[in-house]
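**Q** Here you go, sequence then predicted model.
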Amino acid sequence: MSKTTMTPVKFLKESLRNLKTVGTITRSSKYVCQRMIRPIDFSKAINVIELGAGDGVITRHILNKMSADSKLFVFEVNDSFVKRLDLIKDPRLHVVHASAELMEEKLKELGVEEVDYIISALPFVVFPDDLANKIVEKSFDMLKMGGTYIQIHYSLMLKKMYARIFGNVHVRFVPLNIPPAFILVSNKTEAA
Ligand SMILES: C[S@@+](CC[C@H](N)C(=O)[O-])C[C@H]1O[C@@H](n2cnc3c(N)ncnc32)[C@H](O)[C@@H]1O
């Protein structure tokens, strides 16, 4: 555990207080984090958006691999988690204390029109359907052609949403997580 992440007990308390937005009571395991960043080509300068960063467990995995000229924009709504994220002192990291649906406006303010990857741990199954759809559609719009969207879920209930918006979705199962997780990966292609 990094110095800036919460203890598992603090994370649990924060999650229980905000179950409707956090959607789980444990942070992602290192196996999930490794699997989520596997589709990313870190050999290039890239722009990445992370949605629902929590206290930054996936954020740190991305920063550890990212080149010096890459950028990571994380969106988080929870005040306590944002305070933790702000403790990560890294010039490549931009913490945005706002809802994911505002990604387009917030990135425009930072002079960014499109990104290479979007990696999301947003608990869409507890979101209203129209909000989940809106965020995934915005993600599609924000990605460069050839860009990749990566999402963690604990069931395959919403797989159809990615298939509809991106025209493709590939699923990987990660048993070593509480609860066991699915990583869904969709690419933005001309065919969509
Ligand atoms: C399941 S937790 C994931 C935390 C961490 N990334 C991990 O993998 O352990 C989901 C996170 O999404 C955040 N969240 C929920 N709704 C959001 C929204 N509309 N925009 C941005 N973040 C949101 C929650 O506050 C929570 O930190």
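**A** It's in. Numbering: from 1, shown residues only.

**Q** which residues of this protein score low on pLDDT?
**A** Within the chain, the ranges that satisfy pLDDT under 70 run 1-3.

**Q** for it, longest helix please?
**A** Using DSSP state H to define each element, the chain has its longest helix at helix 129-142.

**Q** Could you confirm whether that one reaches the ligand?
**A** No: judged by C-beta under 6 Å from any ligand atom, helix 129-142 makes no contact with the ligand; its nearest approach is 7.1 Å. (C-beta placed from N, C-alpha, C; glycine too.)

**Q** Quick check: next helix or strand after that helix?
**A** strand 143-153 (DSSP states H and E).

**Q** helix or strand right after that following strand?
**A** On the C-terminal side of strand 143-153, the nearest following helix or strand under DSSP H and E is helix 159-166.

**Q** give the contact list for Asn78.
**A** When contacts are counted by C-beta atoms under 8 Å, 6 or more residues apart in numbering, Asn78 touches Glu14, Asn18, Thr21, Val22, Gly54.

**Q** Of those residues, which belong to strands?
**A** Using DSSP state E, no member of the contacts of Asn78 falls in strands.

**Q** Neighbour-wise, give me the winner out of the residues you listed.
**A** For the contacts of Asn78, the largest number of neighbours (other C-beta atoms under 10 Å) sits with Gly54, at 25 neighbours.

**Q** any idea how far that one is from the ligand?
**A** Counting by C-beta to the nearest ligand atom, to the nearest Å, the gap between Gly54 and the ligand amounts to 3 Å.

**Q** Once you drop chain neighbours, what's closest to that residue?
**A** Counting by C-beta to C-beta, 6 or more residues apart in numbering, Gly54 lies nearest to Phe81, which is 5.3 Å off, once chain neighbours are set aside.

**Q** tell me which element that neighbour is part of?
**A** Assigned by DSSP H and E, Phe81 falls in helix 79-86.

**Q** any idea which helix or strand comes after that helix?
**A** strand 93-96.

**Q** Okay, buried residues for stretch 90-104 please.
**A** Buried positions in stretch 90-104, judged by neighbour count with 16 or more other C-beta atoms under 10 Å: Leu93, His94, Val95, Val96, His97, Ser99, Ala100, Met103.

**Q** what bridges to the third one?
**A** If I follow you right, that is Val95. Beta-bridge partners for Val95, by DSSP bridges, are Val74.
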